[in-house]
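Student: generate coordinates for the sequence data below:
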Amino acid sequence: MTAGDNAAGIMAQSVGGGGGNGGMTITVAASVKGNATGKSDAGTGGDGGTALAANVTSNGTVYTSGSQSDGIIAQSIGGGGGNGGFSIAGAFSGQGSADINSVGGNGGTGNNAGSVTVVAEATP
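Tutor: Below you'll find the predicted structure:
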């Protein structure tokens, strides 16, 4: 039995981990008399983890009395992908061309949730 607000009687969840963030890069190319060239590629974010199954079997009565207090909550949430890295670049030349290429990293892929099963058998 729960008596407080937002207090679930039974909660079962499986949550996949979030993906890591991609690394950042900073590149500066400079030349006084010649060409200045540079390239900057940021890292890719990691993929999120897969959540497994969340299973609940309840053979008794579940009592809750608080506001927004669910009897049974069961959920499986796949992990979100990580953020792509960012890239900053600058090229400067006093007497030639200044060429720079700067590319941010891709975000990681989110992942799947598992199955959710709830079996509740109670008599009043």
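Student: okay, CA-based contacts and neighbour counts for the rest of this
Tutor: OK.
Student: and Met11, what does it touch?
Tutor: Counting by Cα atoms under 8 Å, 6 or more residues apart in numbering, Met11 touches 72-74.
Student: just name the closest of those residues to Thr123, please.
Tutor: When these are compared for distance to Thr123 (Cα to Cα), Ile72 comes out closest, at 15.7 Å.
Student: measure how buried the closest one is and give me the count.
Tutor: Using other Cα atoms under 10 Å, Ile72 is surrounded by 17 other residues.
Student: give me the pLDDT value at the residue nearest to it when sequence neighbours are not counted.
Tutor: Nearest non-adjacent residue to Ile72, counting by Cα to Cα, 6 or more residues apart in numbering: Ile10, 4.8 Å away. What the model reports for Ile10 is a pLDDT of 94.
Student: and Thr123, by the same measure?
Tutor: 72.
Student: just Met1 next, same as before
Tutor: 84.
Student: pretty sure it contacts Ser69?
Tutor: No: counting by Cα atoms under 8 Å, Met1 does not reach Ser69; the two are 10.6 Å apart.
Student: can you give me the distance of Ala74 to Val56?
Tutor: 7 Å (Cα to Cα, to the nearest Å).
Student: now do the shared contacts for the two.
Tutor: Residues touching both Ala74 and Val56 by Cα under 8 Å, 6+ apart: 12, 117-118.
Student: can you flag the buried ones in those?
Tutor: Ala12 (16 or more other Cα atoms under 10 Å).
Student: show me which of the shared contacts of Ala74 and Val56 is closest to Gly105.
Tutor: Closest approach to Gly105 among the shared contacts of Ala74 and Val56 (Cα to Cα): Ala12, at 35.3 Å.
Student: so the closest one is in which element?
Tutor: Using DSSP states H and E, Ala12 sits in strand 10-15.
Student: CA atoms of that strand as PDB?
Tutor: Taking Å, rounded to 0.1, in the frame of the first residue of the first chain, the C-alpha atoms of strand 10-15 are listed here in PDB:
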ATOM      1  CA  ILE A  10       4.500  -1.600  -8.200                       C
ATOM      2  CA  MET A  11       7.000  -0.200 -10.700                       C
ATOM      3  CA  ALA A  12       9.000  -2.400 -13.100                       C
ATOM      4  CA  GLN A  13      11.200  -0.800 -15.700                       C
ATOM      5  CA  SER A  14      14.100  -1.600 -18.100                       C
ATOM      6  CA  VAL A  15      16.000   1.300 -19.500                       C
END
